[in-house]
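Peer 1: structure, please.
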Amino acid sequence: MPIFTSEHFIENYSRMGDVATIGICIVVFILLATSYVSHKKAAKIFFVIVGLVFTASILHVGFHEVVNAKLDGVNGLLYSLRLLYQTLLFQVLFLFTLYISVITNMEHSKSRRVAIISSILFAAFTIADIVFTLTSIGFSINRETKEIKEGFDIFTVGYFVYFGFILYLLITERKLVHRRVANGFYSIVALSVIIRAGQLFINQDSLTTLTFALPIIGMLYIVHANPMDINLGTLNSNSLEQMVKNLYDNRKEFIFMSLLLPNFVGEGKTMPDEVKAQTIKFTKELFRNGVLFQINNGQLVLLGRKDSNPDYIQWMNTILKAFEEQYETFKIPYKIVYGESIDEISESNEYLSFINFIHTYIPENTKHRVNRDDIENFRKRENILKELEDIYLKCDLDDPRVLAYCQPVFNIESGSFDTAEALMRLDLPRNGIVYPDQFVPLAEQRGYIHVLTKIILNKTCKAISQFVTNGYKFKRISVNVSAIELKDERFCTDIEEILKRNNISGDKLAIEITESKNEDDFYFVKAKIEELHNQGIKFYLDDFGTGYSNMERILELPFDIIKFDRSMVIASGTNARSKLIVSKLATMFKDLDYSVLYEGVESNNDENRCINMSASYLQGFKYSQPIPIGELSQFLTHTN
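Peer 2: Got it, this is the predicted structure:
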């Protein structure tokens, strides 16, 4: 067993390795604290690993400083520093194995076995290190001569055993990790082992902690900061834009395919393993130099150069057929959009927006090849968004691009048209007349909807004021409002200000809202309805009979009129059973002092049937199509 003097330890050690490791750990701590870190569960283990390596490096420097000081009575301190230093590094090796099981999404049973084996190794080597030190089989210090005996180096044995185990895990789990990622880990582990082996060969101990810092750097970049997903080998959307830019700048045509699994879009959802396996297979086997991008949990986009894949149509058909078969087996709804690069989309680098736009209107379980109509519709949509943003920023309540239309509503009791529903249209320079189904969802997504509502409210109130001034007899005009808007703190204030601006009373205005599926929205909606209801404003429940309807919630809200959707009118005409159900619902509401309005009345049969089903109001093409709000006077009567 080698016996060294303290001078030997001083000569064969340099602080630079430990100082460099401390510096690396500090930088990593800063990056962890100031930037987004992916893989949250693994990040917690990673954070502990960095802390342990940082502490071990300080202990290692401290050990050699005490040796260098040649003080009396410090043997106990030296033993403690060395044992603690090596125990911390054993703990790091233990955590490395747990970390691998997390980032590879290892099966629970196998992950548990790995944890047990790693725990046994940690306990065995730590206890052996303590025992060998106490029995002088390992590291020891002669009290009289101060000579240091290295003895049996259990730490080196544990180091290589653990790294061997880590390498074994990386190899056995390579199917769960993308090839590029796995190769990165192999290289870093190999480099660390080579450095440690080289130290032993020249009897050095300066770079031991650095061999732990190298995997930390690799983990930080490959797992937590790398845009590449370690399992699929996918890059993120920023990388997609960069690749498109590079291909376009170099005039290289490319092909693309987007896979969307609607059921897996959202926080906390994970793409099924069978889909991952298929995706990895296609990327590796079918496309040469293909690059995969993960846009969100349920969307992947594949890009490949056209000149590298001249037979791409054949491979595309293979992929499309595979997803058809997969759907038949697993019943996982999907949407696929594919095509070749388009110069005007490449120039503006809008592929992600373009693809997602197409995904919004194609049915589930369909494959759609991009065509010229898609491009034209996308451009129209982009122009709508641009105009909506401008309308929002200017917030001009008289903006000429927002048109106020209306549809007259027939009052059965009075036999006259004394109410109407205000409807919104956009008149845009490049698009012409744009209907609500084309712009309302966009306005809601971008947060522009309340400004549009304020404009249509103002124009409706202005028309109401004119009708009142001109002596027309009518009850009210209703305006549709998104349930999203009722969360706005200024919602009620804005309506009050618009009423005052046009000098009209609240009883001349009604608000139509659709019931929200969100339980939290209920309390906002109720509070706002009650506040405005006190000012005489009537409230309609719009689209009753479509999708979600919670009767308990409806009855708790102070609605005045229940609007039965066109689908209810159609259903009531199909068979006696459906008519009975609709009729009973309408009668129930009428008995509870609600008025019932049927919309979508298009024929005499519709009219007669609805009248016999407790109708108070009727609305539909039988009476009038939507008209500019100024033309409503043709349907109204004068007070005299």
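Peer 1: separation between K269 and G298?
Peer 2: 7 Å (C-beta to C-beta, to the nearest Å). To be clear about C-beta, it is placed using only N, CA and C from the backbone, and glycine gets the same treatment.
Peer 1: actually, Y598.
Peer 2: Y598 sits 39 Å away from G298, going by C-beta to C-beta.
Peer 1: same check, this time on I449
Peer 2: 26 Å.
Peer 1: repeat for R288
Peer 2: Relative to G298, R288 is positioned 27 Å away (criterion: C-beta to C-beta).
Peer 1: list phi and psi for the closest residue to S237 other than its chain neighbours.
Peer 2: Closest residue in space to S237, ignoring its immediate chain neighbours: I295 at 5.4 Å, by C-beta to C-beta, 6 or more residues apart in numbering. For I295, the backbone dihedrals (degrees, to the nearest 10) come out as phi -80, psi -40.
Peer 1: what touches both of K269 and G298?
Peer 2: Residues touching both K269 and G298 (C-beta atoms under 8 Å, 6 or more residues apart in numbering) are N263.
Peer 1: of those two, which one has the most company?
Peer 2: Higher neighbour count among K269 and G298: G298, with 20 against 12, using other C-beta atoms under 10 Å.
Peer 1: for the more buried one, what are its contacts?
Peer 2: With C-beta under 8 Å, 6+ apart, G298 has these contacts: 260-266, 269, 271.
Peer 1: ok, back up a step: right, and the residue nearest to S237 touches E241 too?
Peer 2: No: under the contact definition of C-beta atoms under 8 Å, I295 does not touch E241, with a separation of 11.2 Å.
Peer 1: what count of nearby residues applies to the residue lying closest to F635 once chain neighbours are set aside?
Peer 2: Spatially, and ignoring its direct neighbours in sequence, F635 is nearest to F417 (4.0 Å; C-beta to C-beta, 6+ apart). Residues lying near F417 (other C-beta under 10 Å) number 21.
Peer 1: any idea of the pLDDT on F417?
Peer 2: Among the per-residue scores, F417 shows a pLDDT of 95.
Peer 1: okay, and it sits in which element?
Peer 2: For F417, the host element (DSSP states H and E) is strand 416-428.
Peer 1: that strand packs against which elements?
Peer 2: Applying 3 or more C-beta pairs under 8 Å, 6 or more residues apart in numbering; DSSP states H and E, one finds that strand 416-428 makes contact with helix 372-394, strand 402-411, strand 432-434, helix 436-446, helix 449-469, strand 476-480.
Peer 1: can you tell me which of these comes nearest to L77?
Peer 2: Nearest to L77 among the helices and strands packed on strand 416-428 is helix 436-446; the distance by C-beta to C-beta comes to 64.7 Å.
Peer 1: can you list contacts of that closest one?
Peer 2: In contact with helix 436-446 (C-beta under 8 Å, 6+ apart) are residues 381, 384-385, 388-389, 392, 423-426, 448-449, 452, 482, 484.
Peer 1: which of those sit farthest apart?
Peer 2: Pairwise distances across the contacts of helix 436-446 (C-beta to C-beta) peak at 22.4 Å, for the pair E389 and L423.
Peer 1: between those two, which one's more packed in?
Peer 2: Ranked by neighbour count (other C-beta under 10 Å), E389 and L423 place L423 first, with 19 against 14.
Peer 1: the more buried one and Q625 touch, don't they?
Peer 2: No: between L423 and Q625 there is no contact under C-beta under 8 Å: 10.3 Å.
Peer 1: what subset of the contacts of helix 436-446 is buried?
Peer 2: 381, 384-385, 388, 392, 423-426, 448-449, 452, 482, 484 (16 or more other C-beta atoms under 10 Å).
Peer 1: could you list the buried residues of stretch 242-257?
Peer 2: Using 16+ other C-beta under 10 Å as the test for burial, stretch 242-257 gives 243-244, 247-248, 254-257.
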